[in-house]
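**Q** Build me a model:
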Amino acid sequence: MTKKEQHTIDMCSGSLPGKILLFALPLAASRLLQLLFNAADIVVVGKFVGKEALAAVGSNTALINLLISIFVGLSIGTNVTLARDIGAKQMDAVRRGVHTSVCLALFSGVVLMVFGMCVAPQLLRWMDSPDDVIDLASLYLRIYFLGMPATMTYNFGGAVLSAQGDTRRPLYALFLAGVANVAMNLLFVIGMGLGVAGVGFATAISQYISAGLVLWFLAQEQDAIRLDFRQLRMDPEIVRRIFRVGLPAGFQGMVFELSNVVIQSTVNTFGSTMMSGTAASQNIEGFVFAMINTFYQAAMTFTSQNYGAGKYERVDKVTVYCQIFTVATGLILGNLMFYFGHDLIAIYVQPGPEQEAVIQAGLIRMGHVGRLYALCGIMDTMVGSLRGLGCSVVPMLGSLVGSCLLRLVWVYTIFPRNPTPETLFLSYPVTWIVTAVFQIGVYLFIRKSIFEKV
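**A** Prediction:
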């Protein structure tokens, strides 16, 4: 076995279940490590600084995701485009795609860094951040965005590697960067007393470590996927293809996160205790979502390669297997998380008279959202299959209407009639069900129209 064969997966032949798991497990480990290191940020500030610092760091998640979602969508376009070309053996297009993707990463990272640092305070005011949180949240957000060029480089570089089935080396990069992140958290926050600023600097520096490692991996390749810094340029045709899939995906992510920002703004009106409990719960739920979301990525990449190779009979099998893995993972992990929820949330909260109130606040969200993440997984995996077939606009519209518009309608019509956290969080499973049904219908229609042409 050659060095390259050790990192790649032949997605177009052989048994699918084992190869899907071989692809998904390192990706899941990467996502879990990322969340563990993010959790370390939250645990450190929650335990050693206080609940206001916990609220400041945790409540920024939806806003950060909103600002980066368009460019993360473009990295999805990179993955689909390169996977299609790899499956079709179009190596010149693969070569141009690698260098175009790295250029897009660097450009988008700089844009996000400047924009995020300039608008952070105003955006937090629009989100109704409480007075005891807003200054700390603004400080953390500005420092966090210093690492955006590296974040985008890691995302795009990881998309390039995963297009050929290599999900292990991004995991190695993330592990080393995460260890550095935890070490710097302990040094900056506990050792030097920098508080929220220390967490922000540790995160930004670790992002540059992971980005540098991914670029090094790409530079060590020996074939079309090899990165040569002297050839960095944007190919207009590759950009167009990336944008055709990536822009709808990014726009969907942006509007989806906008609805989450509205939810977070509503949570903020309940005060810092609810904010802290929700922040802890969201972070724990993220581990479940990270696991099931790997099968979205697998569905997209495997579908794209097999579609590019003309192996249409394998496309349906990819979708079925990914859905089975998604539902099983979501049901098992979601219910285990809730069962141990009290002890898990306690890890994030500073001991004291308010600890139990914060834990109970987190359990409210966990019971209505985290236990039902399998529904979200069904919805996302169908979207992955559709994007693998090159269909990105229709699933975007379905998600915007089902998961975003309907959620906003819920917040402004149903929630005011019973303004409780329970009513607010119930909007998640309801909108997941509606969107999942729509995406399944779209997939059945699209696949029929595609396969009837061949």
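**Q** quick one: residue 83 from residue 450, how far?
**A** Distance, residue 83 to residue 450, by CB to CB, to the nearest Å: 17 Å. The C-beta positions use only the backbone N, C-alpha and C, and glycine is treated the same way.
**Q** Tell me the secondary structure at the residue positioned nearest the centre of the chain.
**A** Geometric centre of the chain, nearest residue: residue 290, 7.5 Å, by CA atoms, centre = their mean. Judged by DSSP: H, G, I helix; E, B strand; the rest coil, the three-state class of residue 290 is helix.
**Q** ok, now which ones touch it?
**A** By CB atoms under 8 Å, 6 or more residues apart in numbering, the contact set of residue 290 is 28, 31-32, 34-35.
**Q** if you set the cut-off to 6 Å instead, what comes out?
**A** Contacts were defined as CB atoms under 6 Å, 6 or more residues apart in numbering; by that measure residue 290 touches 31-32, 35.
**Q** so what pLDDT did it get?
**A** On pLDDT, residue 290 comes in at 84.
**Q** in what helix or strand does the residue nearest to it when sequence neighbours are not counted lie?
**A** Sequence neighbours aside, residue 31 is the residue nearest to residue 290 in space, at 3.4 Å (criterion: CB to CB, 6 or more residues apart in numbering). Using DSSP states H and E, residue 31 falls within helix 16-48.
**Q** thinking again about what came up before, the residue nearest to the centre of the chain and residue 240: what is the separation?
**A** The separation that residue 290 has from residue 240, given CB to CB, amounts to 31 Å.
**Q** what about the stretch 1-150 of the chain, any weak spots by pLDDT?
**A** 1-7, 38-39, 45-63, 65-67, 127-133 (pLDDT under 70).
**Q** If we use 80, what do you get?
**A** Low-confidence segments of the stretch 1-150 of the chain, defined by pLDDT under 80: 1-8, 30-73, 88, 119-138, 140.
**Q** For residue 69, which residues are in contact?
**A** By CB under 6 Å, 6+ apart, the neighbours of residue 69 are 250, 253-254, 257.
**Q** and with 8 Å instead?
**A** By CB under 8 Å, 6+ apart, residue 69 lies in contact with 250, 253-254, 256-257.
**Q** Tell me the pLDDT of the residue nearest to residue 318 when sequence neighbours are not counted.
**A** Excluding the flanking residues, the one nearest residue 318 by CB to CB, 6+ apart is residue 302, at 4.5 Å. We have a pLDDT of 91 for residue 302.
**Q** Point me to the helix or strand that includes residue 302.
**A** Using DSSP H and E, residue 302 sits within helix 272-308.
**Q** repeat for residue 362
**A** helix 355-368.
**Q** Which strands and helices lie in contact with the helix or strand just after that helix?
**A** Next in sequence after helix 355-368, counting helices and strands by DSSP H and E, comes helix 373-388. Under the contact definition 3 or more CB pairs under 8 Å, 6 or more residues apart in numbering; DSSP states H and E, helix 373-388 sits against helix 61-87, helix 272-308, helix 313-339, helix 393-399, helix 427-451.
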